[in-house]
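Colleague: Got a sequence here, can you model it:
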Amino acid sequence: QEQVVESGGGLVEAGGSLRLSCVASPRSLSLHDMAWFRQAPGQEREFVARINMISGSTNYADSVEGRFTINKNSAENAVFLDMKTLKQANAAIYYCNAKHLSGGEDWGQGTQVTVYS
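Modeller: Numbers count the residues shown, from 1 in each chain. Predicted coordinates for the structure are as follows:
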């Protein structure tokens, strides 16, 4: 059964760093890209970053460009989001999305990021 699982969320002080991880299974899945989205209380889910699992090309939301970095391990169907200089505005539930080469997609359950000052 296909599954996407995020990890790495937690409590971090403003200005600090955090690394989120996401793994899509089974490993035999052929993925086109994986991405991170986030949703803060009372707000719509928004795009954060995406990486093409074949070419490695990336794109980012303007609000995180230069502070967040998305990386991948294609062999493991895994992506990572390195977040630096975190702000309270970055606090949200972060969701991982995996798009299949076949056109389908899967979402994870999300991981909570809390930023305090």
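
Colleague: Look up how far Ser17 lies from the residue most central in space within the chain.
Modeller: Among the residues of the chain, the one closest to the centroid is Trp36, at 2.9 Å (Cα atoms, centre = their mean). Here the distance between Trp36 and Ser17 works out to 15 Å (Cβ to Cβ, to the nearest Å). Using the backbone N, CA and C atoms, a C-beta is placed for each residue, glycine as well.

Colleague: Equivalent analysis for Trp107, please.
Modeller: According to Cβ to Cβ, Trp107 stands 25 Å off from Ser17.

Colleague: now Gly108
Modeller: 21 Å.

Colleague: which of these two has more neighbours?
Modeller: Between Gly108 and Ser17, counting by other Cβ atoms under 10 Å, Gly108 is the more crowded of the two (20 against 12).

Colleague: hang on, isn't the more buried one packed against Val79?
Modeller: No - applying Cβ atoms under 8 Å, one finds Gly108 not in contact with Val79, separated by 10.8 Å.
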